[in-house]
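S.K.: Model the structure of this input:
(2 chains)
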Amino acid sequence: MQLHPQILAAVKACLPVLPGVFAFGAISGVAMVAAGMPHYMAMAMSVLVYAGSSQLAALQLLTSGSPLAIAVLAALVINLRFSIYSLSMAPHLAAASPRWRPLLSYLLTDNGYAITLRGYERPLGAGDKVWYYFGSCAAIWITWQIGTLTGVLLGARIPSAWHLEFSIVLTFLGIVAPTIRDRAVAAAACAAGVTAVLAWPLPLRLGLLLAAAAGIAAGMLVEGILEERRR
Amino acid sequence: MTAFLLLILGLALTSFIPRASFILLFARWPVPAPVQRALRYVPAAVFSAILVPELVLTAGSVHIGLDNPRLLAGILAGAIAWRTRNTLITIVTGMLALHFFGYLLS
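M.R.: The predicted structure is shown next:
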């Protein structure tokens, strides 16, 4: 069997983020076992849900005594960002057949979205774009599941003093910092960061949504002002 | 145990539906120009909203200063990421910096 060349290109582009994906998977594996889940159930959650930050937040709420509905609602708020990614990706995946769309949707992640967008900076045919997306998402999925399995099996044996959770922050930093190349994008990042900190006390992690909205608004505002000046 | 099963079911739905929203469910919707302009700022806004609180907050309260190892390591790693555009170097130096600053401050 021959892999599509765009799959190989995408996997190569993913390599730098895979250690962070593995670590994040391991952390969520540890968290699920620590919350009292049997191993098989933790793996089922990892495969069926496949959304690390919402899994961690919901488990944390549930084990600290919040009702199930609140835990699910918080997860929904955290996962709403996927609908923006979905909107942003949809035109690039126009060549995908309806049969494949459920799988392509299921595979959408923060890292997969960011890497695929970066890959689309060079010109690609409509079919190649789908393969590139699939390749990066599949590499991330496999790494995530191996990471989760490792975390589930090792459980509490990973010392918390290693601060493995910080590698998630660093992965996101490594993705976003290089994209800040003009003032409008910088404004978006600053406004989102400040809003996220100020809105942190809001329930259900609503601050995340508010901050994303503030960031996008700030970016468009600065873009508008700069265009106005150029005229 | 039932709570876990319901949680998995609930989270499976709440993660799949937003992902499928435009790739699967509203795939035919023509994206209006202002929305396309807005999309350019999505990665910077969303990632920044996720990671800035992780650097700046300690146990839920603002902690900005030279005694916050996560903030120091984050600033260093951010500068390295911006210059090198290399995620792996960013993660390795960031982790080393976190442990180094943590050691200095302990």
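S.K.: so how far is A:Pro123 from A:Gly52?
M.R.: In this view, A:Gly52 and A:Pro123 are 33 Å apart by CB to CB, to the nearest Å. Where you see a C-beta, it was placed from the backbone N, CA and C, and this is true even at glycine.
S.K.: So for the two, which residue has more residues nearby?
M.R.: A:Gly52 (23 against 6; other CB atoms under 10 Å in any protein chain shown).
S.K.: any idea how chain A splits into domains?
M.R.: Domains of chain A are assigned by automatic domain parsing as A:5-178, A:180-231.
S.K.: Map the structural domains onto the sequence of chain B.
M.R.: Annotated domains of chain B cover B:1-30, B:43-106 [automatic domain parsing].
S.K.: Any chance of CSV for those domains, columns mean neighbour count and mean pLDDT?
M.R.: Compiled in CSV, those are given as follows (neighbours: other CB atoms under 10 Å in any protein chain shown; pLDDT from 0 to 100):
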stretch, mean neighbour count, mean pLDDT
domain B:1-30, 18, 91
domain B:43-106, 19, 91
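S.K.: Which one of those lies nearest to chain A?
M.R.: Set against chain A and scored by CB to the nearest CB, these come closest in domain B:43-106, at 2.7 Å.
S.K.: Let me know how buried A:Pro102 is, in neighbour terms.
M.R.: The number of residues packed near A:Pro102 is 14, by other CB under 10 Å.
S.K.: can you check B:Pro34 too?
M.R.: 9.
S.K.: A:Leu3 now?
M.R.: Counted with other CB under 10 Å, A:Leu3 comes out at 10.
S.K.: At which residues are the helices of chain A located?
M.R.: A:5-14, A:18-34, A:39-48, A:52-63, A:68-79, A:81-89, A:101-106, A:110-119, A:126-154, A:166-176, A:183-198, A:206-230 (DSSP state H).
S.K.: just the angle between the longest one and helix A:52-63, please?
M.R.: I take that to be helix A:126-154. 40 degrees (axes from the mean of the first three to the mean of the last three CA atoms, to 10 degrees).
S.K.: Identify each buried residue in helix A:126-154, please.
M.R.: Residues of helix A:126-154 classed as buried: A:128-141, A:143-152 (neighbour count, 16 or more other CB atoms under 10 Å in any protein chain shown).
S.K.: I'd like to check which residues are in contact with the residue of chain A found nearest chain B.
M.R.: Residue nearest to chain B within chain A: A:Gly215 (2.7 Å; CB to the nearest CB). By CB atoms under 8 Å, 6 or more residues apart in numbering or on different chains, A:Gly215 lies in contact with A:188-189, A:191-193, A:195, B:41, B:44-46, B:48-49.
S.K.: how about these in TSV, adding distance to B:Ala20?
M.R.: Formatted as TSV, these follow (distance: CB to CB, whole Å):
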residue	distance to B:Ala20
A:Ala188	26
A:Ala189	28
A:Ala191	29
A:Ala192	25
A:Gly193	29
A:Thr195	28
B:Tyr41	23
B:Ala44	24
B:Ala45	22
B:Val46	18
B:Ser48	26
B:Ala49	23
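S.K.: what's the closest of the residues you listed to B:Gly102?
M.R.: Nearest to B:Gly102, judged by CB to CB, of the contacts of A:Gly215 is A:Gly193 at 22.6 Å.
S.K.: Which residue, neighbours along the chain excluded, lies closest to that closest one?
M.R.: B:Val52 (3.3 Å; CB to CB, 6 or more residues apart in numbering or on different chains).
S.K.: Wait, that neighbour touches A:Ala192, no?
M.R.: Yes. If you go by CB atoms under 8 Å, B:Val52 and A:Ala192 touch, sitting 7.5 Å apart.
S.K.: Determine the number of other residues adjacent to the residue nearest to A:Ala34 when sequence neighbours are not counted.
M.R.: Leaving out its chain neighbours, the residue that sits closest to A:Ala34 by CB to CB, 6+ apart is A:Ala156, at 6.6 Å. Residues within reach of A:Ala156, counting by other CB under 10 Å, total 9.
S.K.: and A:Ala156, what pLDDT?
M.R.: If you check A:Ala156, the pLDDT there is 71.
S.K.: what sits against it?
M.R.: A:30, A:33-34.
S.K.: Of those residues, keep whichever come out buried.
M.R.: Of these, these count as buried by 16+ other CB under 10 Å: A:30, A:33.
S.K.: any chance of the contacts of A:Ala156 in TSV, plus pLDDT?
M.R.: Output for the contacts of A:Ala156, formatted as TSV (pLDDT from 0 to 100):
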residue	pLDDT
A:Val30	87
A:Val33	88
A:Ala34	81
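S.K.: how near is the nearest residue to A:Leu62 once chain neighbours are set aside to A:Gly135?
M.R.: Once flanking residues are discounted, A:Leu62 sits nearest to A:Ala71: 4.6 Å by CB to CB, 6+ apart. Shown here: A:Ala71 relative to A:Gly135, a distance of 33 Å by CB to CB.
S.K.: swap in B:Glu54?
M.R.: Distance from B:Glu54 to A:Gly135, by CB to CB: 29 Å.
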